[in-house]
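**Student:** Next comes the sequence, and after it the predicted model I'd like to discuss.
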Amino acid sequence: MGPAIRSTCAAAASAVPEGGSALSSKVPAFRRRPRSVSAEVAAYLEQRIASGDLHPGDRFPAERELAQSLSVSRASLREAMRELENKGLIERRPGRGTVVTEPPREVDELLRELAETRQEQRNVSELRRLVEPGIAGHAALRAHPSNLLRLEDVLRQSNENLTAAESMRLDLEFHSLLAQAAQNPLLTTLLTMSSRWTEDVRRHSHATQKGRRISVEGHRAILQAVAAHDRLAAEAAMRAHLDDVRTLIARHTGTGVAQCPASRDGQ
């Protein structure tokens, strides 16, 4: 039998009332509960498969050996293995015994989509952190009074009670006006392009009332620094705002914080 399955079986045997050797920290004890033995064994092995202790292609030992390792009857083990087979977690192959199967296609697709979502979030976060703090800093140095008035007007319209779509529209407008305040048409063009590229991901930060409130607070801090013509404060406020947005997106999509490798550069 494979080393992973042998280790799992040994862990299970050590937890039964008859006693046994100390359990390794990697594989938790197989604890008996007042329920069907076959259901208990099936749940235990399913957990080991789900956790990755048992990998696709790992081969189980012969029925007699496995039953002895788990300290259960062969009838109970047979019923448990039948349940796992019905779930598509194991496969009985003539001449090869019982092996752990590859994950179902649906699971593979879900994991792939999750990985792609995380990568897209990292790309968006990295792009915005490379571009937008510099735009905020230049806006602090170059903004005209008319630029500040337009930014203030957008900020007055923004609040947490707006719809997600309206909040998103004002968010994009605020950042666009900020780029215009930097007085560099190439930066404005770059910001417009990057906004289109990142729009789908950024929607998640406006999906909740809390997210919309945090967005407005971030814009307010940025505008305050720009109005004070404080370049370093404007750049820092933008970085803090982007960090908040990144966290909001990660939480809303359930992907964990999509940390950008260079996220702390320049601080």
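**Tutor:** Yep, it's here. Residues are numbered from 1 along each chain as shown.
**Student:** For the rest of this, base every contact and every neighbour count on C-alpha atoms.
**Tutor:** Will do.
**Student:** In which helix or strand does the nearest residue to Glu83 once chain neighbours are set aside reside?
**Tutor:** Leaving aside its chain neighbours, Glu83 sits nearest to Ala42 (6.9 Å; criterion: Cα to Cα, 6 or more residues apart in numbering). Here Ala42, judged by DSSP states H and E, is contained in helix 37-51.
**Student:** The stretch 51-200 of the chain: helices as residue ranges?
**Tutor:** Taking DSSP state H, counting those that start in this stretch, the helices of the stretch 51-200 of the chain run over residues 63-70, 74-86, 105-142, 145-157, 164-181, 185-202.
**Student:** Compare those helices and report which one is nearest to Ile214.
**Tutor:** Distance to Ile214, taken as Cα to Cα, is lowest for helix 164-181 among the helices of the stretch 51-200 of the chain, at 11.4 Å.
**Student:** If you count contacts, what does the closest one end up packed against?
**Tutor:** If contacts are counted by 3 or more Cα pairs under 8 Å, 6 or more residues apart in numbering; DSSP states H and E, helix 164-181 sits against helix 105-142, helix 145-157, helix 185-202, helix 209-227.
**Student:** For that helix, which residues meet the burial criterion?
**Tutor:** Judged by neighbour count using 16 or more other Cα atoms under 10 Å, the buried positions of helix 164-181 are 164, 167-168, 170-181.
**Student:** where are the low-confidence patches of the stretch 101-250 of the chain?
**Tutor:** Across the stretch 101-250 of the chain, the ranges flagged by pLDDT under 70 are 103-121.
**Student:** go with 90
**Tutor:** Scanning the stretch 101-250 of the chain for pLDDT under 90 picks out 101-129, 185-207, 245-250.
**Student:** Met193 versus Trp183, what's the distance?
**Tutor:** That one is not Trp; residue 183 is Gln. Gln183 sits 17 Å away from Met193, going by Cα to Cα, to the nearest Å.
**Student:** Between the two, point out the one with more neighbours.
**Tutor:** Using other Cα atoms under 10 Å, the more surrounded residue of Gln183 and Met193 is Gln183, with 18 against 11.
**Student:** Contact partners for the more buried one?
**Tutor:** Ala139, Arg142, Ala143 (Cα atoms under 8 Å, 6 or more residues apart in numbering).
**Student:** so the second one touches Ala182, yeah?
**Tutor:** Yes. The pair formed by Arg142 and Ala182 meets the contact definition of Cα atoms under 8 Å, at 5.7 Å.
**Student:** okay, those two: which has more neighbours?
**Tutor:** Legend: neighbour count by other Cα under 10 Å for Arg142 and Ala182, higher for Ala182 (23 against 18).
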